[in-house]
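**Student:** For reference, the sequence and a predicted model appear below.
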Amino acid sequence: MMAYVKKWLVFLGILLLTGCAVQAPNVDFSAFQQANPASILVVPVVNESVDVDAPNYFLSTISVPLAEKGYYVFPVNTVKTVLEGEGLYDANLVHSADPVQLGNMFGADAILYVTINKWDAQYIVLSTTVTVGFTYRIVSGKTGEELWSANKIMQYTPQQNNSSGNPLADLLVMAVSAAITRAAPNYLPLTQQANYQVLYLDPTKLPNGPYLQPKS
């Protein structure tokens with residue numbers, strides 16, 4: 001009887017482990033590999049947050065990781081100026097424009113569209129949680145076909161690990177720290193992490209570009 005029970009326990013354990021296993025989504029890179037882009041045009045960012053400075057902050061973080069991946073990245077400020085000269089002052093207008101025309105305008109193989117979905121700091125019980133969330137899409141500048149996409153949400157809550165032994169003083173320190181974070185949250189490290197994870201880590205890891213510098 002005990003042997004029978006043990007067999008069932010082992011069987012149930014296997015089922016539980018199988019049920020808990022999380023499979024990474026299967027990302028199809030065939031379209032990207034076929035297009036084989038060498039240059040990427042980063043267009044103005046659509047901002048769904050209430051922070052009007054969020055798009056400029058984001059754009060300051062995206063060119064370097066793309067270039068380090070081996071792609072030529074058009075200077076974002078020059079791109080913005082050229083687009084405004086063509087009457088495309090609003091990011092939503094740029095995102096709704098024909099990608100083939102945008103590609104021809106700059107001679108770009110591919111276009112990166114980014115939407116900021118989250119960019120805020122929430123104060124909850126003596127702590128402030130900073131959140132950023134983005135949708136990324138790379139589209140062919142020659143055919144308009146989507147080549148790659150990713151979504152990323154990152155959060156950070158500053159931790160107070162040093163205890164003074166005075167609970168009241170510790171609460172005061174936590175409250176001050178949370179207030180400072182809420183008043184002037186630092187979104188750039190989270191944004192840089194989000195960019196790195198979608199571009200460099202599986203399952204959304206972007207294929208290396210032709211200008212990738214070999215490691216010494």
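**Tutor:** It's in.
**Student:** Scan the helices and strands of the protein for the one with the lowest mean pLDDT.
**Tutor:** One helix or strand of the chain scores below all others by mean pLDDT, DSSP states H and E: helix 2-20, with a mean of 38.
**Student:** Now do the phi/psi pair for the residue nearest to the spatial centre of the chain.
**Tutor:** Among the residues of the chain, the one closest to the centroid is A194, at 3.8 Å (CA atoms, centre = their mean). Torsion angles at A194 (phi, psi; degrees, to the nearest 10) stand at phi -60, psi -50.
**Student:** for the residue nearest to it when sequence neighbours are not counted, what are its contacts?
**Tutor:** Once flanking residues are discounted, A194 sits nearest to K152: 4.3 Å by CB to CB, 6 or more residues apart in numbering. Placement of C-beta: from N, CA and C, glycine included. By CB atoms under 8 Å, 6 or more residues apart in numbering, the residues touching K152 are 133-134, 136, 194, 197-198.
**Student:** rerun that using 7 Å as the cut-off
**Tutor:** Neighbour list for K152: 133-134, 194, 197-198 [criterion: CB atoms under 7 Å, 6 or more residues apart in numbering].
**Student:** Then E145?
**Tutor:** Neighbours of E145 in contact, by CB under 7 Å, 6+ apart: 31, 139.
**Student:** quick one: strands adjacent to the helix or strand harbouring I116?
**Tutor:** Per DSSP states H and E: I116 is located in strand 110-123. Here strand 110-123 has these sheet partners by DSSP bridges: strand 39-42 (parallel), strand 46-47 (parallel), strand 128-140 (antiparallel).
**Student:** what's the most buried one of the ones you listed?
**Tutor:** Mean neighbour count (mean count of other CB atoms under 10 Å) peaks for strand 39-42 among these, with a mean of 22.
**Student:** Just the CA trace of that one, in CSV.
**Tutor:** Coordinates of the C-alpha atoms in strand 39-42 are reproduced here as CSV (Å, rounded to 0.1, in the frame of the first residue of the first chain):
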residue,chain,number,x,y,z
SER,A,39,20.5,50.9,-40.5
ILE,A,40,17.7,51.8,-38.1
LEU,A,41,15.7,55.0,-38.0
VAL,A,42,14.4,55.8,-34.5
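**Student:** what's the offset of it from the middle of its chain?
**Tutor:** Remark: strand 39-42 is offset 16 Å from the chain centroid, using CA atoms, centre = their mean, to the nearest Å.
**Student:** now stretch 188-203
**Tutor:** Worked out by CA atoms, centre = their mean, stretch 188-203 lies 5 Å from the chain centre.
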